[in-house]
Structures are given as structure tokens and as C-alpha cells.
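Enquirer: any chance you can model this:
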Amino acid sequence: MTRGEIYMAMAYYSDAIKEFTFVLSLEDTAEEAYKLRGKCFRELAKKARGKKKSEYTTLAEADEKKYEELKNHSND
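Expert: All right, here's what the predicted structure looks like:
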């Protein structure tokens, strides 16, 4: 279990996002990091309101899209 996953399990989503972002800064094809970071953004969006909710949703969608692209590319 990675530190990001531990933070997720503890519902420390902002800390988990930082960890997954760090992983992606080292390896931008780490599809699992996109998947998990997207889940964290979704969780933050559930609790947010207004503009923040929209921002988190947009970030989650971007990570989910990137995850799917990488996953599909690796299956080619």
C-alpha cells in the first residue's frame, strides 16, 4: 500500500492528491495514480459547494479520462 492509498483510507484526500501528483511528476504514465487521484477529487467534490465542487469535478474527470487513455493504450 502506498502512502497515497493510506491517506485515502484515512479520508485525507488532499494529502493523497499531493502524493499521487508527486508520483505523476516522476512518471506521467502511472495510470493507477491518475485513477486514485481522480477518486480523491470525486470525494472532495462530494463535500464541496459551488465553484470548488465544479473545480474538483473537472479535475476528477480529467484524471479519469487520462487513466482510460493510458489503460487503453497499454492494452494495444
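Enquirer: report the buried residues of whichever strand or helix holds H73.
Expert: Assigned by DSSP states H and E, H73 belongs to helix 50-74. Under the neighbour-count criterion of 16 or more other Cβ atoms under 10 Å, helix 50-74 has 56-57, 59-60, 63-64, 66-67, 70 buried. Using the backbone N, CA and C atoms, a C-beta is placed for each residue, glycine as well.
Enquirer: below-threshold pLDDT in this protein: ranges please.
Expert: Scanning the chain for pLDDT under 70 picks out the ranges 76.
Enquirer: ok, for the residue sitting nearest the centre point of it, nearest residue in space, not its chain neighbours?
Expert: The centre of the chain sits closest to R37, judged by Cα atoms, centre = their mean, with a distance of 1.2 Å. Leaving aside its chain neighbours, R37 sits nearest to F20 (3.8 Å; criterion: Cβ to Cβ, 6 or more residues apart in numbering).
Enquirer: checking that neighbour next. Helix, strand or coil?
Expert: Using DSSP: H, G, I helix; E, B strand; the rest coil, the structure places F20 in helix.
Enquirer: quick one: contacts for it?
Expert: 4, 33-34, 36-37, 40 (Cβ atoms under 8 Å, 6 or more residues apart in numbering).
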